[in-house]
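Chemist: I'd like to go over a predicted model; first the sequence, then the structure.
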Amino acid sequence: MKNLKEKTPDISSFQCPSSPSSYFLSFEGIEGSGKSTQLKNLKSYLEGLEYRVIILREPGGTAFGEKLRGAILASEEALHPIAEAYLFASSRAQLLNQVILKELSIKKTVVICDRYIDSSIAYQGHARGLGTETILKIHELPPLNSLPHQTYYLDIDLQTSFERQKARGNEKDYFESESKKFYQKLIQGFKEASRIFPDRIKIINGHLEEERVSADIQKYVNRLLGISH
Ligand SMILES: Nc1ncnc2c1ncn2[C@@H]1O[C@H](COP(=O)(O)OP(=O)(O)O)[C@@H](O)[C@H]1O
Ligand SMILES: [Mg+2]
């Protein structure tokens, strides 16, 4: 009998937006993995190739999304994971409808999201325990069933994350054991997302020096854009 844990979820309702010369990309990874750094580097690289590049953050990116972001961050009571999952999903649906899909209909445009569905799988699905299937189910209906053409998961270990956050001057004690467990679950969640979407999610070694990480990302982008070097 098949082990339930190893069951592969049904992802047939998902698709990439069809946009002949435009692309939808996302960055994923825990805090300190280098998303902001690499997003900036990829933007310059793509602009050098004469693409229009739109950078978006989640939740946010629309007036409604920014309000939701404020509500989530300012919440004084702990949010139920299902409330959290739907808040992120509503912000995402608005962002897709108002911004992402419209931008992608313009020629030679690249939309890059700082976190997207895989963060929902890692945070609400894994770390908050809703399960991956629940997150996928929430995203079944259009426009939420739109997936990036490529996703770069910047893979770093817990220790590197904490060291970089400390160096960045983050005051919170991230060595506290609960938070360690939480981060470990996030990493497992990202790995699970990579198993479910092996073609879309490119696992990038985020421990390497910045330029090496950028080069690894560019290798995949070139392949997507049909550029041979
Ligand atoms: N490849 C790297 N090697 C070492 N330090 C890095 C690397 N990439 C980013 N950093 C540093 O780590 C910190 C976190 O990077 P950042 O891009 O803000 O990560 P994120 O947006 O994923 O939280 C920053 O201080 C940044 O300068
Ligand atoms: Mg960042």
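Modeler: Thanks, I have it. Ligands and ions are numbered 1, 2, ... in the order given.
Chemist: Quick check: phi and psi at residue 111.
Modeler: The phi/psi pair for residue 111 (degrees, to the nearest 10) reads phi -100, psi 120.
Chemist: That one touches residue 27, doesn't it?
Modeler: No. Look at residue 111 against residue 27 with CB atoms under 8 Å: they stay out of range, at 12.0 Å. (C-beta placed from N, C-alpha, C; glycine too.)
Chemist: where along the protein do the helices fall?
Modeler: Secondary structure of the chain (DSSP state H): helices at 35-48, 63-74, 81-95, 101-104, 117-120, 132-138, 158-167, 177-196, 210-225.
Chemist: Select, out of those helices, the one closest to residue 202.
Modeler: Smallest distance to residue 202 across the helices of the chain (CB to CB): 4.8 Å, for helix 210-225.
Chemist: neighbouring contacts of the closest one?
Modeler: Applying CB atoms under 8 Å, 6 or more residues apart in numbering, the external contacts of helix 210-225 come out as 23, 25, 34, 37-38, 41-42, 45-46, 49, 149-150, 152, 154, 202, 204-206, 208, 227-229.
Chemist: in that helix, what counts as buried?
Modeler: Along helix 210-225, the positions that meet the burial threshold by neighbour count (16 or more other CB atoms under 10 Å) are 213, 214, 216, 217, 218, 221, 225.
Chemist: Show me the subset of these that also lies near ligand 1.
Modeler: Among the buried residues of helix 210-225, the ones lying near ligand 1 by CB under 6 Å from any ligand atom are residue 213.
Chemist: Ligand 2: which of the buried residues of helix 210-225 is nearest?
Modeler: The closest of the buried residues of helix 210-225 to ligand 2 turns out to be residue 213 (CB to the ion; 14.1 Å).
Chemist: Quick check: pLDDT value at the closest one.
Modeler: Residue-level confidence at residue 213 comes out at 98, pLDDT.
Chemist: count of neighbours near the closest residue to residue 119 other than its chain neighbours?
Modeler: With CB to CB, 6 or more residues apart in numbering as the measure, residue 28 is the residue that lies nearest to residue 119, at 6.0 Å, once sequence neighbours are left out. Each residue near residue 28 was counted by other CB atoms under 10 Å, and the total is 28.
Chemist: Please report the distance of residue 28 from residue 76.
Modeler: 28 Å (CB to CB, to the nearest Å).
Chemist: And residue 47, by the same measure?
Modeler: Here the distance between residue 47 and residue 76 works out to 41 Å (CB to CB).
Chemist: Leaving out chain neighbours, which residue sits closest to residue 81?
Modeler: Taking CB to CB, 6+ apart as the measure, residue 81 lies nearest to residue 128, with 3.8 Å between them; neighbours along the chain are not counted.
Chemist: Identify the residues contacting the one you found.
Modeler: When contacts are counted by CB under 8 Å, 6+ apart, residue 128 touches 81, 84, 85.
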